[in-house]
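>>> how would this look folded up:
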Amino acid sequence: MTAKLIRNAYEAALTMTAVLLSWGAALWLEGTAGLHTDVLVLAVALTLTLSSSQRTADTRRRLTALVLLPATAGASIFVGRLIGSHYTLGATVYTAGMALAIWIRRYGPAATKAGTLIALPLVTLLVVPGPALPAKAQSGLVTWAWAALIGALACAVVWLVQGLGDRFGPQDWRTQAALEQPRRRSRLHPRPSTRMALQMAAGIAAAFVLGNLLFDDHWPWVVLTAYVAASGNRGRTDVLRKGLERLAGATVGTLLAAGVAAAGATGHTAVALMFTVLAVALWLRPLNYAYWAAGMTCALSLLLGYFGQDALSLLPIRLEGIAVGAVLSVASAWWLLPVPRARRRQPVLGTTSPVS
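Modelled structure (predicted):
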């Protein structure tokens, strides 16, 4: 356990170094080009989500990321604006994009990794521009070109930090590439990838509907949880476990945020605490997903507090949204074309984004 914690600390340090560099570069761009605060959050979110997927990537995979991530990051801005102006149409496009990112993974490892890159900016969209941020941070959403540039910046920073870490860091701690297992053609009809895509689509679509009806502008919390619990679906029990872990982690994060709010942390202190919480959550995430859920809940609350919102008053609503999203994911995984338990040991057709 001690060796694992040390290894986790090393990987978390690499990720947070990349995050801080990306944040600093985005901060410079914001001041130089007169951009908005959203660009900072986008840079941090993309760097976080990209770090794990690129940790063992070869040159071909990295070049693919350099093409796909900026393109999908720019496209995600239009999807966000579409949701804001035409909620039903935007929600439909978003749901179709998420389902497609899983469905195409039936075509092999390359398609699987491409699907992950397509999904990353869409997941980030639930954290960055939207009702979770106050009006003054929504009025200047980054354009597709700036979003694409931030996507390329995230790629460059992640590669730089991970490359230096592998070159000069302890070789025994270097993450080894997972061996690609040959895929046997499944006899299950529809295929597992199709089942997972349909489950994801059903869960996210229901989350959009109930999120808007029950939580108004705070629908992203429901949709995000529906995605997190269903992604990387290894079977019904797996989805149930992840839903419970996210709910438990968010509850602990609520208590942490309450303590921070009571201490009166604001401004630069809140930003420093946010990065500290993210670092600790990254360190403990491999041990149990609940640690990451707790850290993200607390970090997002600090972000809202930095923008001047009463984050503490929103936390009960967030917990309710997380609970609803978890229930929707579990329901779709259990009753809509469930994946048999015997197939849970096959290569995973979906991955959970670290930002989730």
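>>> now whichever strand or helix holds Ala73: mean pLDDT?
Using DSSP states H and E, Ala73 falls within helix 59-85. Per-residue pLDDT values over helix 59-85 give a mean of 87.
>>> can you name every helix or strand that the longest helix seen in the chain contacts?
Longest helix in the chain, counting residues (DSSP state H): helix 2-33. Packing partners of helix 2-33 (3 or more CB pairs under 8 Å, 6 or more residues apart in numbering; DSSP states H and E): helix 38-53, helix 144-168, helix 267-284. The C-beta positions use only the backbone N, C-alpha and C, and glycine is treated the same way.
>>> what average pLDDT does it get?
Averaged over helix 2-33, pLDDT sits at 90.
>>> quick one: distance of it to the chain centre.
16 Å (CA atoms, centre = their mean, to the nearest Å).
>>> buried residues in it?
By 16 or more other CB atoms under 10 Å, the buried positions in helix 2-33 come out as 7-23, 25-26, 29-30.
>>> what is the burial count for Thr56?
By the criterion of other CB atoms under 10 Å, Thr56 has 13 neighbours.
>>> just say helix, strand or coil for it.
Here Thr56 takes the coil state, with states given by DSSP: H, G, I helix; E, B strand; the rest coil.
>>> look up how far Ala25 lies from Gly267.
With the distance defined as CB to CB, to the nearest Å, Gly267 ends up 22 Å from Ala25.
>>> that older thread, what angle sits between the helix holding Ala73 and helix 38-53?
Counting by axes from the mean of the first three to the mean of the last three CA atoms, to 10 degrees, helix 59-85 points 140 degrees away from the direction of helix 38-53.
>>> can you name the next helix or strand after helix 59-85?
Sequence-wise, the next helix or strand downstream of helix 59-85 (DSSP H and E) is helix 87-103.
>>> residues in contact with that next one: which ones?
Residues outside helix 87-103 that contact it (CB atoms under 8 Å, 6 or more residues apart in numbering) are 79-84, 115-116, 118-119, 122, 125, 193-194, 196-198, 200-201, 204-205, 208, 212, 223, 227, 231, 349-350.
>>> list buried residues within those.
Of those, these count as buried by 16+ other CB under 10 Å: 79-80, 82-83, 115-116, 118-119, 122, 125, 193-194, 196-198, 200-201, 204-205, 208, 212, 223, 227, 231, 349-350.
>>> helices along the stretch 151-300 of the chain, start to end?
Taking DSSP state H, counting those that start in this stretch, the helices of the stretch 151-300 of the chain run over residues 192-215, 219-230, 236-263, 267-284, 289-306.
>>> so which of those gets nearest Cys155?
helix 267-284 (19.1 Å; CB to CB).
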